[in-house]
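Enquirer: coords please:
(one chain, ligands or ions: 3)
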Amino acid sequence: MNKIAQFQEAEIIDGRAHAEDVRREVREKAAKMKATHGITPGLAVVLVGNDPASEVYVRSKGKQAVDAGMNSFEFRLAESTTRDELLCLIERLNTDPEVHGILVQLPLPKHLPSTLVINAIDPRKDVDGFHIANVGMVGTGQDAIVPCTPLGCMLMLRAYHPDLRGKTALVIGHSNVVGKPMARLLLNADCTVMIAHKSSTNIPELARLADIVVVAAGVPGLVKADWIKPGATVIDVGINRVPAPELGLQEDSSARTKIVGDVDFNGVSRVAGAITPVPGGVGPMTIACLLANTLSACCHLSGIDDSPFQID
Ligand SMILES: NC(=O)C1=CN([C@@H]2O[C@H](COP(=O)(O)OP(=O)(O)OC[C@H]3O[C@@H](n4cnc5c(N)ncnc54)[C@H](OP(=O)(O)O)[C@@H]3O)[C@@H](O)[C@H]2O)C=CC1
Ligand SMILES: Nc1nc(=O)c2c([nH]1)NC[C@@H]1CN(c3ccc(C(=O)N[C@@H](CCC(=O)O)C(=O)O)cc3)C=[N+]21
Ligand SMILES: [Mg+2]
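Expert: Ligands and ions are numbered 1, 2, ... in the order given. Down below sits the predicted model:
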């Protein structure tokens, strides 16, 4: 590596701009759906309990759905909601012809069995792509609803690597909602895929082999500059709220907070070829892809062949 390359700034992948492109396409297709078929795509979001961060996301999802010309149905249930009450609501949404997408905000309160609840959703309306039928179909390379966050990462990666075949990729984190589906999509695209997690002992060495690093660990600043192969593409999924003393104090005299990713952005952006920032990277694409999945589900349920997104 020469000195110039070492201090070159990476290209910043603008997640907000990519998300705006996706939303524009969804908006146009939703308008056409309404004009041609008289159908308005509908997204139902279910929030159990009152986690403030979840509140923010749910509000944002509802607002963006409406902006895209869709119906948004929000269900806020008490923390004390029982398993049967939640299952009953899901059954009602499964059979409601106005609802094409159902999202149950995770994590659920501890007394509710999330796997059972997710698998109770009609897989055709499972716009998170978390139902076992969708997971299995994506895992075997069949057309299915793809989880929003990994889908958003793939759409951004595709803009930089139209041909992903043979690229070496490292996914850090192996949760069912981000890491595992991300690794499956990269494998479907014929990348050589490595998956690391808390028990992995050699992540820096694995990372140095990678043309593509996707991080979804929930550990601020985990990925350091000396882990990164010069020119690699780095996708930072992490959303971590940390104290920001430089922003001064809040009214209750605790430090203000800011959102950071899982990547040491200042260091890594000097080595990487391209990098997603946090905020403004993967997050906005996640919500845009949720709208895209809702439109796709609506098309599919209505027997209309106008699915908007191809990732391979
Ligand atoms: N931008 C977006 O749209 C979204 C962002 N997120 C964010 O992405 C991050 C990950 O989310 P999620 O997958 O749900 O989180 P989980 O906590 O479910 O999973 C984290 C994964 O990272 C692994 N991990 C934790 N610490 C380390 C470490 N030090 N080194 C290597 N691997 C580690 C864990 O391993 P193990 O299982 O072995 O413990 C686990 O597999 C969070 O910051 C979350 O807020 C999540 C969803 C959407
Ligand atoms: N069933 C389910 N599906 C999800 O997709 C789901 C979920 N549960 N639970 C929580 C996580 C988290 N998640 C995010 C969505 C958008 C941003 C986002 O838009 N972030 C902005 C900043 C947001 C801010 O400033 O607070 C950004 O990164 O620029 C982040 C995180 C979806 N999740
Ligand atoms: Mg998701």
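Enquirer: Which residue is the nearest non-sequential neighbour of the residue nearest in space to the middle of the chain?
Expert: What sits nearest the mean C-alpha location of the chain, by C-alpha atoms, centre = their mean, is residue 149, with 1.4 Å. In this structure, residue 149 finds its nearest non-sequential neighbour in residue 286, 4.7 Å apart by C-beta to C-beta, 6 or more residues apart in numbering. Backbone N, C-alpha and C define where each C-beta goes, glycine included.
Enquirer: ok, residue 59 - how many residues close by?
Expert: 14 (other C-beta atoms under 10 Å).
Enquirer: Double-check that it belongs to a helix.
Expert: Yes: counting by DSSP: H, G, I helix; E, B strand; the rest coil, residue 59 is located in a helix.
Enquirer: rewinding a little: now name the helix or strand holding the residue nearest to the centre of the chain.
Expert: helix 148-160 (DSSP states H and E).
Enquirer: Please point out which parts of that helix sit buried.
Expert: By neighbour count on 16 or more other C-beta atoms under 10 Å, the buried set for helix 148-160 is 148, 149, 150, 151, 152, 153, 154, 155, 156, 157.
Enquirer: Might one say that the second one is in contact with residue 236?
Expert: It stands for residue 149. No: at 11.6 Å, residue 149 does not count as touching residue 236 under the criterion of C-beta atoms under 8 Å.
Enquirer: still on that earlier bit, gap between the following helix or strand past the helix holding residue 149 and the chain center?
Expert: Next in sequence after helix 148-160, counting helices and strands by DSSP H and E, comes strand 168-172. Here the centre of strand 168-172 is set off from its chain's centre by 17 Å, with C-alpha atoms, centre = their mean, to the nearest Å.
Enquirer: anything in the next helix or strand after strand 168-172 near ligand 1?
Expert: Remark: after strand 168-172, the chain's next helix or strand is helix 179-188, criterion DSSP H and E. Yes: residues of helix 179-188 contacting ligand 1 under C-beta under 6 Å from any ligand atom: residue 179.
Enquirer: After helix 179-188, which helix or strand is next?
Expert: By DSSP H and E, the next helix or strand past helix 179-188 is strand 192-196.
Enquirer: For that following strand, report the contacting residues that lie outside it.
Expert: Here strand 192-196 makes contact (C-beta atoms under 8 Å, 6 or more residues apart in numbering) with 166-174, 179-180, 183, 186-187, 203, 206, 209-210.
Enquirer: Give me the angle between that strand and strand 168-172.
Expert: 20 degrees (axes from the mean of the first three to the mean of the last three C-alpha atoms, to 10 degrees).
Enquirer: so how far is strand 192-196 from its chain's centroid?
Expert: 19 Å.
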